[in-house]
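Chemist: sequence first, then the predicted structure, then my questions.
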Amino acid sequence: MESSQIANLLRAIAEVIESDPKLAKAVEKCLNNSLNAQKSQDSSEAIPKQLDANKTLDNGDIILTECRQILREQGEDKLKFYLTELGEKVRELLKHGQLDPKRSMRRRKDLNSIIEHIIQKLQAQDKSGKLLAASISKT
């Protein structure tokens, strides 16, 4: 499924939720329960996981999920350290999660600028997700 199809699906779901207050309350309750359970589980894992040998960038989406989790829980500095540990593999990470749709960042020689780009994109994606969640919970 392409990102535009996913976005359209999420918009349709948001419209249905906004139109039914009972459904909105149920979704909000479910999200709160899920977030609370996730927070309690994540607090036990304060240190980012090291990359296993089998966790290559063939699984870039998994690594991006870990990056998002580190950014939310431990901040930008820890994420920067985590991405620095990846070394040259950050270029491959750009292929996942719509981080470099024009393929222009992969050609840069400076890894620090690539890492900064990844962090900015992840922050922007996280912010847009929070805005969507806020718009859903207002009803």
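Modeler: That came through, no problem. Residues are numbered from 1 along each chain as shown.
Chemist: any idea which helix or strand in the protein has the lowest mean pLDDT?
Modeler: Least confident helix or strand, the chain: helix 21-43 with a mean of 72, by mean pLDDT, DSSP states H and E.
Chemist: so after that helix, what's the next helix or strand?
Modeler: Of the helices and strands lying after helix 21-43 in sequence (DSSP states H and E), the nearest is helix 60-74.
Chemist: how much does whatever helix or strand comes next after that following helix deviate in direction from helix 60-74?
Modeler: Downstream of helix 60-74, the first helix or strand assigned by DSSP H and E is helix 76-86. For helix 76-86 against helix 60-74, the angle by axes from the mean of the first three to the mean of the last three CA atoms, to 10 degrees is 150 degrees.
Chemist: return the distance of whichever helix or strand comes after helix 76-86 from the chain's centre.
Modeler: Scanning forward in sequence from helix 76-86 by DSSP H and E, the next helix or strand is helix 90-93. How far helix 90-93 lies from its chain's middle: 15 Å, per CA atoms, centre = their mean, to the nearest Å.
Chemist: which residues sit against helix 90-93?
Modeler: 57, 60, 63-64, 67, 83, 86, 99, 106, 111, 114-115, 118 (CB atoms under 8 Å, 6 or more residues apart in numbering). All C-beta atoms are positioned from the backbone trio N, CA, C, and that covers glycine.
Chemist: let's see 10 Å
Modeler: Contacts with helix 90-93, where a contact means CB atoms under 10 Å, 6 or more residues apart in numbering, come from 56-58, 60-61, 63-64, 67, 83-84, 86, 99-100, 105-108, 111-112, 114-115, 117-118.
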